[in-house]
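Visitor: show me the folded form of this:
(one chain, ligands or ions: 2)
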Amino acid sequence: MMTPEQIKHAVEALIGADKVRLDDEALDIYGRDWTKIHTPRPRAIAFPRSTEEVQQIVRFAREHKIALVPSGGRTGLSAGAVAANDELVLVMDYMNKVVDFNPVDRSVTVQAGMITEQLQHFAEQQGLYYPVDFASAGSSQIGGNIATNAGGIKVIKYGMTRDWVLGLKVVTGTGEILDLNRGLIKNNTGYDLRHLFIGAEGTLGIITEATLRLTRPPQNLTVMVLGAPSMPDVMQVLQAFQKRLDLTAFEFFSDNALAKVTQHHQLQRPFETATPYYALVEFEAMTEEIMEIAMEVFESCMEAGWVEDGVISQSETQAQTLWNLREFISETISHHTPYKNDLSVVVSKVPEFLAQVDGFVAEHYPGFEVVWFGHIGDGNLHLNILKPDNLSKEAFFEKCHHVSDKVFQITQDFGGSVSAEHGVGLIKKDFLHFTRSQVEIEMMKGIKKTFDPDQIMNPGKMLDL
Ligand SMILES: O=C(O)CC[C@@H](O)C(=O)O
Ligand SMILES: [Zn+2]
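Guide: Residues are numbered from 1 along each chain as shown. Ligands and ions are numbered 1, 2, ... in the order given. All right, here's what the predicted structure looks like:
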């Protein structure tokens, strides 16, 4: 096995001096993501500047059978970017430039290391909009978003990252550069390989550039937070609004999620009345008429008893303040050692699904505090179980593993997904079969072998061959 020093020497001979780090700080930072469960142990960290440099490294890694881990903003929640097995990590931080922008095509080509928020700002400066958004947009990178097909808070209107990718430049595990789809809207010439790389978590190759579609900016985004007595009521509210308006978001959170956020961040509750669940509704109030419709729907929900109290934003700042109640949840509960689940079912089955999962956890693990929130308009629920103070981390995760088996069984019975938007990585790998059939998994392995015959591309993530 090549030593870290040998790797540094060889890679720097290919891409230039001072582009590989071996120090403990770098190994620790670039070896982990937000999951913080695995102990990082990469062999070396490389900092390429171009697609060609990535290609040089991949060819070298293939020749010497060195495992590669692509590293973006490392905000993932499934350990897809963890390097705990002597890997060489490829950090994309320096590949963060805009390569091309075309206002007629309304498309922008960026290097994979561009931070999501930078892309959003760039689009804004052009009078356009990149709509994929989530709480970690200030750190996550476009390459990682594409590799995990990131979702977030606007999926109900704009879809997932996949829906915005017009083209990809990738270096495959065989060391080839592919220029996939080149920004075309229409291109029916066989298998669309671009889509294989979206959500592949770096297991087929490394994304180095992406061409993304932009759209018109939303107008006068207005937010309501509504308190509901039950989950079926939240779903009634969703239906009532969707009958009359196009929503840009429909999120929910439980009362204990709200309590934790308001306490941790010293925020005001949206209104006095406490209810078990809250819905956050967002829409474009482009005209007075739309505002009137929204108020009519709100009143009808109150009359029906689906909503007990509510508030509507009167300014952009107020809208953001209401969004904070939802967007701060994940970070807030990270201080309570959460066991995370990211489940989805079709929207109509959400209340029954949630009731079964909630009932199971409450019955079998009465000491566990459960925090529910998520993108309920997409059927995506984040179930976080918090570690009780009197249990060690190890004992807690061990118990949760048993919970997962049953929760995933219920998910399977509902035809749902065990990872709606967070990907598979190391953490969900053993549970893939609850959502994908054995035949599908075998076919996925076949695809992996085609693009990565020597198993150097993020090995051990998503699938074991
Ligand atoms: O921490 C979680 O469970 C979810 C994180 C993120 O997907 C969110 O929706 O806030
Ligand atoms: Zn989410």
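Visitor: going forward, measure contacts between C-alpha atoms and count neighbours the same way
Guide: Noted.
Visitor: which parts of the helix or strand that contains Ala294 are buried?
Guide: According to DSSP states H and E, Ala294 maps onto helix 288-304. Neighbour counts over helix 288-304 (16 or more other Cα atoms under 10 Å) mark 290, 294, 297-298, 301-302 as buried.
Visitor: show me how far it is from its chain's centre.
Guide: What separates the centre of helix 288-304 from the centre of its chain is 32 Å, taken as Cα atoms, centre = their mean, to the nearest Å.
Visitor: tell me the average confidence for whatever helix or strand comes next after it?
Guide: Moving toward the C-terminus from helix 288-304, the next helix or strand (DSSP H and E) is strand 309-312. What strand 309-312 shows for mean pLDDT is 98.
Visitor: and whichever strand or helix holds Ala249, what other elements does it pack with?
Guide: Using DSSP H and E, Ala249 maps to strand 247-254. The contact analysis (3 or more Cα pairs under 8 Å, 6 or more residues apart in numbering; DSSP states H and E) places strand 247-254 against helix 155-158, strand 277-284, helix 316-327, strand 369-375.
Visitor: mind listing the strands it pairs with, and their directions?
Guide: Sheet partners assigned to strand 247-254 using DSSP bridges are listed as strand 277-284 (antiparallel), strand 369-375 (antiparallel).
Visitor: using PDB, list the CA coordinates for the helix holding Ala294.
Guide: The C-alpha trace of helix 288-304 is given here as PDB (Å, rounded to 0.1, in the frame of the first residue of the first chain):
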ATOM      1  CA  GLU A 288     -54.400  41.500  -4.000                       C
ATOM      2  CA  GLU A 289     -56.700  38.900  -5.200                       C
ATOM      3  CA  ILE A 290     -54.300  36.100  -4.300                       C
ATOM      4  CA  MET A 291     -54.000  37.600  -0.800                       C
ATOM      5  CA  GLU A 292     -57.800  37.600  -0.500                       C
ATOM      6  CA  ILE A 293     -58.000  33.900  -1.600                       C
ATOM      7  CA  ALA A 294     -55.300  33.000   1.000                       C
ATOM      8  CA  MET A 295     -57.300  34.700   3.700                       C
ATOM      9  CA  GLU A 296     -60.500  33.000   2.600                       C
ATOM     10  CA  VAL A 297     -58.800  29.600   2.700                       C
ATOM     11  CA  PHE A 298     -57.400  30.400   6.200                       C
ATOM     12  CA  GLU A 299     -60.800  31.300   7.500                       C
ATOM     13  CA  SER A 300     -62.500  28.200   6.100                       C
ATOM     14  CA  CYS A 301     -59.800  26.100   7.800                       C
ATOM     15  CA  MET A 302     -60.500  27.800  11.100                       C
ATOM     16  CA  GLU A 303     -64.200  27.200  10.600                       C
ATOM     17  CA  ALA A 304     -63.700  23.600   9.900                       C
END
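Visitor: that older thread, C-terminal to the strand holding Ala249, what's the next element?
Guide: As assigned by DSSP H and E, the chain's next helix or strand after strand 247-254 is helix 255-264.
Visitor: and that following helix, what does it pack onto?
Guide: Short answer (3+ Cα pairs under 8 Å, 6+ apart): helix 255-264 packs on helix 316-327, helix 329-333, strand 369-375.
Visitor: residue of the chain nearest ligand 1, please.
Guide: Closest residue of the chain to ligand 1, Cα to the nearest ligand atom: Ser330 (4.0 Å).
Visitor: got the residues of this protein near ligand 1?
Guide: 152, 327, 330, 340, 374, 382, 384 (Cα under 6 Å from any ligand atom).
Visitor: again, only using 8 Å
Guide: When proximity is defined as Cα under 8 Å from any ligand atom, the chain approaches ligand 1 at 77, 134-135, 151-153, 326-331, 333-334, 340-342, 373-375, 382-384, 421-422.
Visitor: among those, name the buried ones.
Guide: By 16+ other Cα under 10 Å, these give 77, 134-135, 151-153, 326-330, 333, 340-342, 373-375, 382-384, 421-422 as buried.
Visitor: need the contact list for the nearest residue to Pro276 once chain neighbours are set aside.
Guide: Leaving aside its chain neighbours, Pro276 sits nearest to Asp255 (5.1 Å; criterion: Cα to Cα, 6 or more residues apart in numbering). By Cα atoms under 8 Å, 6 or more residues apart in numbering, Asp255 lies in contact with 274-278.
Visitor: Gln268 contacts Lys260, correct?
Guide: No: judged on Cα atoms under 8 Å, Gln268 makes no contact with Lys260 at a distance of 11.6 Å.
Visitor: got the contact list for stretch 419-437?
Guide: Stretch 419-437 has contacts (Cα under 8 Å, 6+ apart) with 76-81, 148-152, 199, 201, 341-344, 380, 408-409, 411-412, 415-418, 441, 460-463.
Visitor: quick check on those: which are buried?
Guide: 76-81, 148-152, 199, 201, 341-344, 380, 408-409, 411-412, 416-418, 441, 460-463.
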